[in-house]
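Trainee: Mind folding the following:
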Amino acid sequence: MKKSLSVTLSIATSVAFFITSCASAPKDQPQPQIEQTEEIERPKTPQVPRKLNVVNSSISAQKEETEESIYAKKIEGIRLSVVSSPKETTKGKAFSSPFVFKAEKTDGTPVAGLELSISFPETKINGQPTYSLANLTTNSSGTVIFVPATPAFSFNSKISVYPSGDVTNAEIAKLAEKVSVSAPYKVKTNLYASGGTVAIVDFNASGKPILSNSVSSSNLLMALMRSGFVRIGNADFSNAILTDDIPTVYKTASNLVGSNSAYLIFGKVKYLTPIEKNADQKYTLTLEGNLTCLDMKTGSILCELHSTATVTEDKDWNCLNSARKLLAENLAHEIIYGL
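Mentor: Here you go, the predicted structure:
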């Protein structure tokens, strides 16, 4: 009985202490409540890029300037002309005056400060001219003055000028060609009195070679003599020419003429078309000649020439003789500016 009373008193004491503690302890300050919400991931809508519309703008959003368009703008409204050019000269002798070109607008206003490219023949490789380039800028009057070096080779060519640009680009080259201008660039040979040899093989209408007494060779010799060549003559080594081998021709000619010739002119004359009767009852024939000129000291090629001659005659038997004479004159002219 005492034990039960003791437990009861102990419980009562504990309850009284708890009540007293609660009454005397200060109340906690209310804490702000933060409501946490779970973020719900929504499906993303794909973004479509907005199209840029350029209105009244000087800059195109879709087109960039190219090299071609820049060059086209550069030459727009520009006109080139040849103010003056010198007469022909002789190999080893300077031109008597300069080449003068001018750039102006379509209204005649000079274009100053424009760079022009000048293309001109300067050397030869295997008898063919090679061209050099010079760039000059127009002065206040729109002109450029070009004085080439004393020519060391003979030429029957031209000198051309165009606004500078990358002409390795095909489109720019076409644009440059439209505004370019040119002048004759002629340099005669200086071998008129050096002595030479002519050897040509004629072919008949059937395409077979005539191995002796070449009429074309004699005609060319006479044409060259009328042009001022001296100490020149014919030689016959048709078989060597028919090999189409230059070293063989050179060796044969050297054995035949020795050091008496400074140069050798050799080649073939063939029918390009047969003799044909025209609607007007006349006859036409075309011959072609292919010649090579060699330096007899070195065996190097001085020039390679090609020319044609077409004649029309009342009688068919007159065609061949007339065509050979005309072809000889044409070839002699080429030799003067090629040898």
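
Trainee: Low-confidence stretches in the stretch 1-150 of the chain?
Mentor: 1-63 (pLDDT under 70).

Trainee: just the helices in it please.
Mentor: Taking DSSP state H, counting those that start in this stretch as the test, the helices found in the stretch 1-150 of the chain are 2-24, 67-75.

Trainee: And the last one, what does it pack against?
Mentor: Going back to what we said before, that points to helix 67-75. strand 155-163, helix 170-179 (3 or more C-beta pairs under 8 Å, 6 or more residues apart in numbering; DSSP states H and E). The C-beta positions use only the backbone N, C-alpha and C, and glycine is treated the same way.

Trainee: What is the top strand by length along the chain packed up against?
Mentor: Counting by DSSP state E, the longest strand found in the chain is strand 263-277. In terms of contacts (3+ C-beta pairs under 8 Å, 6+ apart), strand 263-277 is packed against strand 196-203, helix 238-242, helix 246-257, strand 283-295, strand 301-313, helix 319-336.

Trainee: For Lys188, which of those is the nearest?
Mentor: helix 319-336 (5.6 Å; C-beta to C-beta).

Trainee: Tell me the buried residues in the closest one?
Mentor: Buried residues in helix 319-336, counted by 16 or more other C-beta atoms under 10 Å: 319-320, 322-332, 334-336.

Trainee: Could you do stretch 237-253 as well?
Mentor: Buried residues in stretch 237-253 (16+ other C-beta under 10 Å): Phe237, Ser238, Ala240, Ile241, Val249, Tyr250, Thr252, Ala253.

Trainee: ditto for stretch 281-300
Mentor: For stretch 281-300, by 16+ other C-beta under 10 Å, it's Tyr283, Thr284, Leu285, Thr286, Leu287, Glu288, Gly289, Leu291, Thr292, Cys293, Leu294, Met296.

Trainee: follow-up on the earlier one: okay, the helices and strands packed on helix 67-75 in a markdown table with distance to Lys105 and mean neighbour count next?
Mentor: Output for these, formatted as a markdown table (distance: least, C-beta to C-beta, whole Å; neighbours: other C-beta atoms under 10 Å):
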| stretch | distance to Lys105 | mean neighbour count |
| --- | --- | --- |
| strand 155-163 | 13 | 21 |
| helix 170-179 | 12 | 14 |
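
Trainee: Just give the nearest non-adjacent residue to Gly289, would you?
Mentor: Once flanking residues are discounted, Gly289 sits nearest to Val269: 4.7 Å by C-beta to C-beta, 6 or more residues apart in numbering.

Trainee: Could you check how far that neighbour is from Val215?
Mentor: Distance check for Val269 against Val215: by C-beta to C-beta, to the nearest Å, it reads 9 Å.

Trainee: before we move on, what about Leu133?
Mentor: When Leu133 is compared with Val215 (using C-beta to C-beta), they lie 44 Å apart.

Trainee: the more surrounded of the two?
Mentor: Ranked by neighbour count (other C-beta atoms under 10 Å), Leu133 and Val215 place Val215 first, with 16 against 11.

Trainee: which residue packs closest to that one, ignoring adjacent ones?
Mentor: Nearest to Val215 is Arg324, by C-beta to C-beta, 6+ apart, at 5.6 Å.

Trainee: That neighbour against Ser217, yeah?
Mentor: No - checked against C-beta atoms under 8 Å, the pair Arg324 and Ser217 is beyond contact range at 10.0 Å.

Trainee: Pull up the overlap in contacts between those two.
Mentor: Common neighbours of Arg324 and Ser217, using C-beta atoms under 8 Å, 6 or more residues apart in numbering, are Asp202.

Trainee: Return the residues in contact with the closest residue to Ala134 other than its chain neighbours.
Mentor: Distances taken as C-beta to C-beta, 6+ apart put Ile118 closest to Ala134, at 4.6 Å, once the chain neighbours are dropped. Listed by C-beta under 8 Å, 6+ apart, the contact set of Ile118 reads Phe99, Phe101, Leu133, Ala134, Asn135, Leu136, Val144, Phe146, Ile159, Ser160, Val161.

Trainee: want to throw these into a markdown table with distance to Val257?
Mentor: Conversion of the contacts of Ile118 to a markdown table gives the following (distance: C-beta to C-beta, whole Å):
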| residue | distance to Val257 |
| --- | --- |
| Phe99 | 40 |
| Phe101 | 46 |
| Leu133 | 40 |
| Ala134 | 41 |
| Asn135 | 46 |
| Leu136 | 47 |
| Val144 | 48 |
| Phe146 | 41 |
| Ile159 | 37 |
| Ser160 | 40 |
| Val161 | 44 |
